[in-house]
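S.K.: Sequence plus the predicted model coming up.
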Amino acid sequence: MASIEMDCNKVVILYIRSPTMLMDELKRHQASVNAITWAPQGSNHICFAGDDTQALIWELPTVASPNGIDPLCVYSAGLEINQLQWSAAQPDWVAISFSNKI
């Protein structure tokens, strides 16, 4: 399960079988995170985006890394990203909306 706090630049990943156990904390944004979407083809890929104009795709490890992890892919939209949607029909595509564009 993934969670974001209001006006916070990190995403918290919790282990669903033990919700009090923190699996990982992903902190690579420079501003607030606005949107999260899980990959439809598996439970270990997640994308999130925020006010710093970036969308980050992560591959979550099965065991938390003591040194943290880095994103697999970084996309910069140029403006604050408002919404994300990972396509179930085309799992290689993530839709991103910012300003008046998709």
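M.R.: Ah, there it is. Residues are numbered from 1 along each chain as shown.
S.K.: The worst-scoring helix or strand of the chain on mean pLDDT pairs with which strands?
M.R.: Using mean pLDDT, DSSP states H and E, the weakest-scoring helix or strand in the chain turns out to be strand 22-26, at a mean of 76. Applying DSSP bridges, strand 22-26 is found paired with strand 11-14 (antiparallel).
S.K.: What distance do you get for the residue nearest in space to the middle of the chain to Met21?
M.R.: By CA atoms, centre = their mean, the chain has its centre lying nearest to Phe48, at 2.5 Å. Here Phe48 is placed at a distance of 21 Å from Met21 (CB to CB, to the nearest Å). Where you see a C-beta, it was placed from the backbone N, CA and C, and this is true even at glycine.
S.K.: and if you look at Asn44?
M.R.: Look at Asn44 and Met21: by CB to CB, they are 17 Å apart.
S.K.: Neighbouring strands - and their directions - for the host helix or strand of Leu84?
M.R.: Per DSSP states H and E, Leu84 falls inside strand 81-86. Here strand 81-86 has these sheet partners by DSSP bridges: strand 94-98 (antiparallel).
S.K.: For the strand it pairs with, list every residue counted as buried.
M.R.: Using 16 or more other CB atoms under 10 Å as the test for burial, strand 94-98 gives Val94, Ile96, Phe98.
S.K.: In contact with the second one, which residues are there?
M.R.: With contact taken as CB atoms under 8 Å, 6 or more residues apart in numbering, Ile96 is in contact with Ala49, Ala55, Tyr75, Ala77, Ile81, Gln83, Leu84, Ile102.
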